[in-house]
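*Asks:* show me how the following folds:
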Amino acid sequence: MEEEIGVVTHYYPKIGVAVVKLTRKSLSSGQTVHVQGNSTDFVQQVTSMQIEHKNIEKAKKGDEFGLKIDQKVREGDKVFLVE
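*Replies:* Down below sits the predicted model:
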C-alpha cells in the first residue's frame, strides 16, 4: 500500500539529492519511498536525510529536507510512502 506524502521541489544532480517537501505524515530513515513523475518511477529505501546540512533520522509533516536519491528526479515528482 502506498500513500502520497510529499513532492520534489528541487534536484541537485551532481550530488544526487532531491529536496522534498512533506505534505503528510513523517518519514524516517529505513523506510521505503516510491518516487513517481512523468518520466520518473522507482522505489528506494531512505538512507540519508538532511535539513540545513545536518543529518536527521526523521522528517515531519511540513519539513523541507534533502534526500539522497538513487536516480534522477524532477521538480513536481510525487513521493509516496510504501507500507
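*Asks:* going forward, measure contacts and count neighbours with C-alpha atoms only.
*Replies:* Fine.
*Asks:* next, the buried residues of the one helix or strand Asn55 maps to.
*Replies:* In the assignment (DSSP states H and E), Asn55 maps to strand 54-56. Within strand 54-56, no residue is scored as buried using 16 or more other Cα atoms under 10 Å.
*Asks:* show me where this protein has its strands.
*Replies:* For the chain, the strands defined by DSSP state E occupy 2-12, 17-22, 27-28, 32-36, 41-45, 49-51, 54-56, 58-59, 64-68, 78-82.
*Asks:* and the fifth one, which residues are buried?
*Replies:* It refers to strand 41-45. Val43, Gln45.
*Asks:* sorry, back to before: what's the mean pLDDT across the strand holding Asn55?
*Replies:* Strand 54-56 carries an average pLDDT of 97.
*Asks:* sheet partners, orientation included, of that strand?
*Replies:* Pairing partners of strand 54-56, with direction, according to DSSP bridges: strand 49-51 (antiparallel).
*Asks:* got a list of contacts for the partner strand?
*Replies:* For strand 49-51, the external contacting residues (Cα atoms under 8 Å, 6 or more residues apart in numbering) are Ser29, Asn55, Ile56, Glu57, Lys58, Glu64, Phe65, Gly66, Leu67, Lys68.
*Asks:* can you tell me the average pLDDT over stretch 74-83?
*Replies:* 96.
*Asks:* and the contacts of the strand holding Asn55?
*Replies:* Ser48, Met49, Gln50.
*Asks:* hey, what's the last one bridged with?
*Replies:* Meaning Gln50. Asn55, Gly66.
*Asks:* report the separation between it and Ser28.
*Replies:* 11 Å (Cα to Cα, to the nearest Å).
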